[in-house]
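**Q** fold the following, please.
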Amino acid sequence: MLKVGLTGGIACGKSVVADMFAARGAHVVKADEIAHRLMRPGEPVYAAVAAHFGGSILDPDGKINRQKLAAIAFAPDSPRVEELNRLVHPAVIQEQDRWAEQIGRQDPQAVAIVEAALIFEANLRGHFDRIVAVVCEPEQKIQRQAHRLGVDYAFARADVERRSRAQWPDSRKAQLADAVIRNTGSLEDTAQQVERVWRELKRGALTKGSL
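**A** Numbering: from 1, shown residues only. Next comes the predicted model:
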C-alpha cells in the first residue's frame, strides 16, 4: 500500500484533485472531514476546543461554530491557530494513520491518499511514502474562495491572506513535493496531470505491495 499526502494552500483545488484521484481508484480521506467529525459534541476534541476557546465559539445548540472559531484562530492582530492545531492535529493524525492501516490490510497494493493542507507545516512528511502538492496562482485562490463561500472579492481576499499566513508558500511546497499538479488552467488540463501522477503512484503501490 502506498500512502500519499495530497497538500496545497487554501483554495488551490485540493478537493477537486482528490476527487479525480478517487475516480481513478484511489482511496481518499480528507483531514478537514476528520476534524469536523472529531469536533462534534461528545468527542474528546470537541471538549478540548470548547474549553480552550470558550463558549463564544458555540452555537445555541452547543455545536462549534467553525466560522467563529476561525475568526479567533486566524485573527490578524492576535492569531491563535497554533493553539487550535495543538488541540486538533494529534487526534486527526491518529485517525488518518488508523484509516491507512485498514486500507493496507484490505488491499496491500492500494493507493491511500490523505488530503491535508498542513502536511509540511505539521512535520508529517515521514507519515507518507509520497507527497503531491497542488498549486495555483494567488489571484485564482481569491476568486475560488469567493465563489466557494459566496462572498465578495474583498472578503475572500482577506480570508485567503489570513489563512495563508498559517501555511507555507506554494513554491516551497512544490520544491519539497514528489509531484506537483498545477491547477491553473482548465479542468481537463488538471485531469491530464492527475492521470500522469496517478500512473506513477499506482506503479509505486504495485512495487511496494509485492515486496
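**Q** so how far is stretch 18-33 from its chain's centroid?
**A** Computed by Cα atoms, centre = their mean, to the nearest Å, the chain-centroid distance of stretch 18-33 equals 11 Å.
**Q** my bad, should have said stretch 171-187
**A** Taking mean C-alpha positions (Cα atoms, centre = their mean), stretch 171-187 and its chain are 14 Å apart.
**Q** in that stretch, what counts as buried?
**A** Buried residues in stretch 171-187, defined by neighbour count with 16 or more other Cβ atoms under 10 Å: K173, A174, A177, D178, A179, V180, I181, R182, N183. Any C-beta I mention is one placed from the backbone N, CA and C, and that applies to glycine too.
**Q** farthest pair in those residues?
**A** Longest distance between any two of the buried residues of stretch 171-187 is 16.9 Å, between D178 and N183; criterion Cβ to Cβ.
**Q** next helix or strand past the longest helix that the chain contains?
**A** For the chain, the helix reaching the highest residue count under DSSP state H is reported as helix 81-106. Toward the C-terminal end, the helix or strand that comes next after helix 81-106 (DSSP states H and E) is strand 111-115.
**Q** relative to helix 81-106, how tilted is that following strand?
**A** Computed by axes from the mean of the first three to the mean of the last three Cα atoms, to 10 degrees, the angle separating strand 111-115 from helix 81-106 equals 170 degrees.
**Q** which ones among the buried residues of stretch 171-187 map onto strands?
**A** Among those, the members found in strands (DSSP state E) are A179, V180, I181, R182.
**Q** isn't the third one up against Q193?
**A** Yes. In terms of Cβ atoms under 8 Å, I181 counts as a neighbour of Q193; the distance is 4.7 Å.
**Q** in the chain, which spans are helices?
**A** Under the criterion DSSP H, helices of the chain are mapped to 14-23, 31-38, 44-53, 66-73, 81-106, 138-149, 153-164, 170-176, 187-209.
**Q** fine, thanks again, bye for now.
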